[in-house]
Each structure stands twice: as C-alpha cells, then as structure tokens.
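Undergrad: next input, structure requested:
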Amino acid sequence: LLTGKMTPQSEFAPDDHRNYNRQGARFDVGETFAGVDFQAGLEAVEQLRPLVPAGMTMTQFALRWILMFDAVTCAIPSAKNRLQATQNAQAADFPSLSEEVMARIGEIYRQHIKDRVHQRW
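TA: Numbers count the residues shown, from 1 in each chain. Alright, predicted model coming up:
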C-alpha cells in the first residue's frame, strides 16, 4: 500500500492473498496489508501523498519514516528489480522528516489505521 501504486481499481489474481484473505478467512488477517482494510489504507495513502518531499518516491518516504524511529536499525523492503532496490537503499540518505511531517503522519495513522489494527501489534 505504501508504494502508492495501488488504487481502488487494483485487481489481484484469484490465488493472491490480497484478493482472498482481506478479512482473514484463510489465515491471520495481519498477513494481508498488515490487517489494514484496503480502502482505509488507500485513503491514508492519499493523505500521505502531499507530504512526500520533491525528489522522493512514496516508497522512499515510507522507508524514511520507519527509519526515523530509534528502535529501528534497518528496514528490509522487497524489490522487483535493480532500480527499486537502489531507490529503497537511497531512502536512508534523505534528510530526516520534519517534526511537522511526523506529526501529520501520526494524525493520519490515528484517523485511518490505529483503531483497526494497533491492538494486533
């Protein structure tokens, strides 16, 4: 979700757990979008999008955000190709996110995500 590439029209193959396990019918719902409702996740992403600094991808923004926490020493994202792997690694080179941006991310989390899944973590 945090790549910003998915839309309400995104379709997943019948054998893709993002298609058949959104409500946890087959296995723990936390394995599908971390338990976040797909539509709620998309709404959160749309509110995050304007916060992404120029020259940074949505994915880099998400990775830079997680690296802002002292308890996090590294992030292990997936990549489908060399460019994605390079861009993912570059996330650590961007300046820290401002306190204002971090606060706004927190607001978006509380508005769209926290009540739905925070107790699972």
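Undergrad: buried residues, the helix-or-strand element of the chain with minimal mean pLDDT. List them.
TA: Least confident helix or strand of the chain, by mean pLDDT, DSSP states H and E, is helix 17-20 with a mean of 82. The neighbour-count check on helix 17-20 (16 or more other Cβ atoms under 10 Å) flags residue 18 as buried. Just so you know, the C-beta spots here come from the backbone N, C-alpha and C atoms, and that holds for glycine as well.
Undergrad: so what touches that helix?
TA: For helix 17-20, the external contacting residues (Cβ atoms under 8 Å, 6 or more residues apart in numbering) are 11, 12, 13, 14, 26, 27, 31, 32, 33, 38.
Undergrad: again, only this time at 7 Å
TA: For helix 17-20, the surrounding residues in contact (Cβ atoms under 7 Å, 6 or more residues apart in numbering) are 12, 13, 26, 31, 32, 33.
Undergrad: CA atoms only: put it into CSV for me.
TA: Output of helix 17-20 as CSV, limited to C-alpha atoms (Å, rounded to 0.1, in the frame of the first residue of the first chain):
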residue,chain,number,x,y,z
HIS,A,17,-3.9,-13.5,-0.7
ARG,A,18,-4.6,-9.8,-1.2
ASN,A,19,-7.6,-10.9,-3.1
TYR,A,20,-9.0,-13.8,-0.9
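Undergrad: output the contacts of helix 17-20 as TSV; include the columns secondary structure.
TA: As requested, the contacts of helix 17-20 are exported to TSV (DSSP: H, G, I helix; E, B strand; the rest coil):
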residue	secondary structure
12	coil
13	coil
26	coil
31	helix
32	coil
33	helix
